[in-house]
Structure formats: structure tokens, C-alpha cells
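S.K.: sequence and predicted structure, then a few things I'm wondering about:
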Amino acid sequence: MPIKARDRKRNDARAAWHLHPHLRRMLPCRIARGKSIGGSWAARSVYYTGDFMARRKKVYEGKAKILYEGPEPGTLIQYFKDDGTAGATPPNAAVDGKGVLNNRLSEFFMSGLNAVGVPTHFIRRLNMREQLVRMAEIMPLEIVVRNFAAGDISRRLGIPEGTPLPRPIVEYYFKDEKLGNPLVAEEHIVAFGWGNQQDLDDIIALALRVNDFLSGVMMGVGIRLADFRLEVGRVWEGDFMRLIVADEITPDSCRLWDLRGLEAPDREGLTREPGPLADVYTELARRLGVLPSNVTHTTKPTLIN
Ligand code: ADP
Ligand code: MG
């Protein structure tokens, strides 16, 4: 049965409302006005093959990704760039081919999570650098799960890097780069209306399930997941709201340590400590078997300033 124009308008308006405010402001008027593009499968396929692809609207450009409006209301296309590299000096340096690998890796983790019943924004990969995702109203938080001390928590609490934590610790950081993404408490989140107590319970449950899944997958290929960060967003299904995992799961959002080759003590007879994974994008993709076969990728990423 065809969707009534009134219902479609309502759905589009709702989809627009779910968008993070900085995205909503930049929303193309086609969606904001409640006009869908691609009402049929035929029209939708045109979107990917012809004119639409060239004419589609950019919604947001961040450090690592570009968001375009999707073919349906409530969807977005994520384009993975080569910039915005994890732990790079200078920050935001590009690594050749990183976007291609991150697109595959995020697809791999997100579809794995979907398969075990952890809801994510991932719908399907479209091509080498792009994937179709559900548009979500992103909470202004970075949710960090830590299994081993490193980085911020080591500095803040004076815990040596590499120390196993007594249990996974979930932290929240306010997503505002000008402020340096400061750590915030649940109190701030509730007081400023970013989420309520139920959201916080849901976020912790979600974050811990993602942690178990990712830790297990990484362990299977000889990698320790020291910590990672997530973004979560709201989506509505009918009148029900739920939180889903959004943004990306890639080496740019995970701290990964190599566990391979640690068995033999080093020359001084000391046991080796796990260190960062060298050539992390390629190596992770290789170990997980998600290296795209038709890409000629340098084994050593070239740093481009
Ligand atoms: P940034 O430089 O802000 O980290 P990125 O280059 O990572 O940006 O681009 C991704 C942007 O898209 C982020 O602001 C993120 O919050 C947003 N985003 C990710 N997934 C979704 C989604 N499913 N719906 C809406 N916004 C999303
Ligand atoms: Mg980002």
C-alpha cells in the first residue's frame, strides 16, 4: 500500500528531528521540507548509479568522514576519508588507503554486532569508501570503555599504562573539541538533559556488550583491546525510542595492543609487554580477513602532511 503523503511528511520531519543539531542545521531542504527522494526501488537505484550520486547533498564534513544525505529519509551515507588518523603526529595526518580499510572494518564490526543483537546504525556497504547507515540523533558524548589503563586515565589517576583494570570502566566525555572533550559525570548528563537515567542504564548495557564482542574478536586474532570509544544515537521505531551504536568502530576509535610474539623473552631475559599494533589499519584488516582483494594498498602506509 502506498504511504500517504501526510505520513511520509511526518516520517521525514521526525527523521530530521532525530538528527544531531549541528547536522539538522545543515539539512538539505528536500528532507527538511518533508520531500522524500527515491519513492520506488527504480528511483532508488538511480540514486546510486546516475545523476543523484553526483547531485547528492553533503550534510556534514568531519575529520575522518563526510556525511551525505541518504536515498531514503532517515538514512545517511558515510564516506570514509584518509584523514583524521588515530594517534598521528601531526594530528589529522592522512594515511593512504585508511578510509578504504576503515569502511571495511567498521562494516565488519557493526554487522557482527547487528548479528548478535546489538543494534547499530549500519545498513550496508555501498562501495570502497561508503556505507549506508541509519540517521540517528547523536548524543553529545563519547562513551569510553577501558579494560587496561592507558592515556587519559593513566595521566589522571597515575596508573601505569598497561595495568589491567579490576573491571571494565565506562566513562563519558563531552563531545566538544574546543573544550578538549572533557570528562563528565552522569550528573552532568542528566542535569543538562543529554540523557535520563534510563538512557544511562541502556548506554552502559550497550557499551559492555560491545566491549565483550570486540574484546573477543580481537583476542581471536592476537590483539588486546585496551580501550575504545563509541558514539550512540537515538532512533525511533514507531513510538519507541532506542539507542544504537553509531559513528564508527575502527582503529581510530580503539586502542589495540599486539599480543603476538610475546612468548619469547627479549635479549635481556625480560618478558615482553604488549605494544601498539604496527601498521594498525592494514594489520587488523589482514588478521580479520577483511582486506579488500581489488585494492592495491601499500603494505606500509605513507604519511602525508
Ligand atoms: P568528527 O570530526 O566530528 O569526529 P567524523 O569525521 O568522525 O566527525 O564524522 C562523523 C560525524 O557524523 C560525527 O559528528 C558523528 O557524530 C556523526 N554521525 C556518525 N554516525 C551518525 C549517524 N548514524 N547519524 C547521524 N550522525 C552520525
Ligand atoms: Mg569522529
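M.R.: On my side now, so go ahead. Residues are numbered from 1 along each chain as shown. Ligands and ions are numbered 1, 2, ... in the order given.
S.K.: show me the beta-bridge partners of the nearest residue to Pro276 once chain neighbours are set aside.
M.R.: Here the nearest residue to Pro276 in space, its sequence neighbours aside, is Trp257; by Cβ to Cβ, 6 or more residues apart in numbering that works out to 6.3 Å. All C-beta spots, glycine's among them, are computed from the backbone N, C-alpha and C. Listed beta-bridge partners, Trp257: Arg224, Pro276 (assigned using DSSP bridges).
S.K.: near Trp257, how many other residues are there?
M.R.: Neighbourhood size, Trp257 [other Cβ atoms under 10 Å]: 20.
S.K.: so stretch 249-260, near ligand 1 or not?
M.R.: No: taking Cβ under 6 Å from any ligand atom as the criterion, stretch 249-260 and ligand 1 are apart, separated by no less than 8.1 Å.
S.K.: okay, that stretch in PDB with CA atoms only?
M.R.: Only the C-alpha atoms of stretch 249-260 are listed here, as PDB (Å, rounded to 0.1, in the frame of the first residue of the first chain):
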ATOM      1  CA  ILE A 249      34.300   1.200  15.000                       C
ATOM      2  CA  THR A 250      37.800   1.300  13.600                       C
ATOM      3  CA  PRO A 251      41.500   1.600  14.700                       C
ATOM      4  CA  ASP A 252      40.700   5.300  15.100                       C
ATOM      5  CA  SER A 253      38.300   4.600  17.900                       C
ATOM      6  CA  CYS A 254      40.200   1.600  19.500                       C
ATOM      7  CA  ARG A 255      43.500   1.300  21.400                       C
ATOM      8  CA  LEU A 256      44.900  -2.000  20.200                       C
ATOM      9  CA  TRP A 257      48.000  -3.800  21.500                       C
ATOM     10  CA  ASP A 258      49.700  -6.700  19.800                       C
ATOM     11  CA  LEU A 259      49.900  -9.900  21.800                       C
ATOM     12  CA  ARG A 260      51.700 -11.900  19.100                       C
END
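S.K.: for Ala149, which residues are in contact?
M.R.: Shown in contact with Ala149 (Cβ atoms under 8 Å, 6 or more residues apart in numbering): 157, 159-165.
S.K.: element containing the closest residue to Glu61 other than its chain neighbours?
M.R.: Closest residue to Glu61 apart from its sequence neighbours, by Cβ to Cβ, 6+ apart: Leu67 at 7.5 Å. Using DSSP states H and E, Leu67 falls within strand 65-69.
S.K.: adjacent strands (with direction) for that strand?
M.R.: strand 58-61 (antiparallel), strand 75-80 (antiparallel).
S.K.: only C-alpha atoms, please: export that strand in CSV.
M.R.: Output of strand 65-69 as CSV, limited to C-alpha atoms (Å, rounded to 0.1, in the frame of the first residue of the first chain):
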residue,chain,number,x,y,z
LYS,A,65,34.3,11.1,7.4
ILE,A,66,31.8,13.0,5.2
LEU,A,67,28.1,12.5,5.6
TYR,A,68,25.8,12.8,2.6
GLU,A,69,22.0,12.6,2.7
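S.K.: is ligand 1 within reach of it?
M.R.: Yes: judged by Cβ under 6 Å from any ligand atom, strand 65-69 comes into contact with ligand 1 at 65, 67.
S.K.: then stretch 182-194?
M.R.: No: figure legend: stretch 182-194 not in contact with ligand 1 (Cβ under 6 Å from any ligand atom); closest approach 13.4 Å.
S.K.: please spell out which residues along that stretch are buried.
M.R.: Using 16 or more other Cβ atoms under 10 Å as the test for burial, stretch 182-194 gives 184, 189, 194.
S.K.: among the residues you listed, which ones are in helices?
M.R.: Mapping the buried residues of stretch 182-194 onto helices (DSSP state H) picks out Ile189.
S.K.: what comes up buried for stretch 82-100?
M.R.: Across stretch 82-100, burial judged by 16+ other Cβ under 10 Å covers 82-86, 88, 93-95, 97-100.
S.K.: Arg272 is in contact with the residue nearest to Pro276, correct?
M.R.: No: counting by Cβ atoms under 8 Å, Arg272 is not a contact partner of Trp257; they are 11.1 Å apart.
S.K.: quick check: the residue of this protein nearest ligand 1.
M.R.: The minimum distance from the chain to ligand 1, using Cβ to the nearest ligand atom, falls at Gly62 (2.0 Å).
S.K.: quick one on the thing from earlier: would you list the contacts of Ala149 in CSV and tack on neighbour count?
M.R.: Below are those laid out as CSV (neighbours: other Cβ atoms under 10 Å):
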residue, neighbour count
Leu157, 8
Ile159, 14
Pro160, 8
Glu161, 15
Gly162, 15
Thr163, 12
Pro164, 10
Leu165, 14
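S.K.: please consider this matter closed, and thank you.
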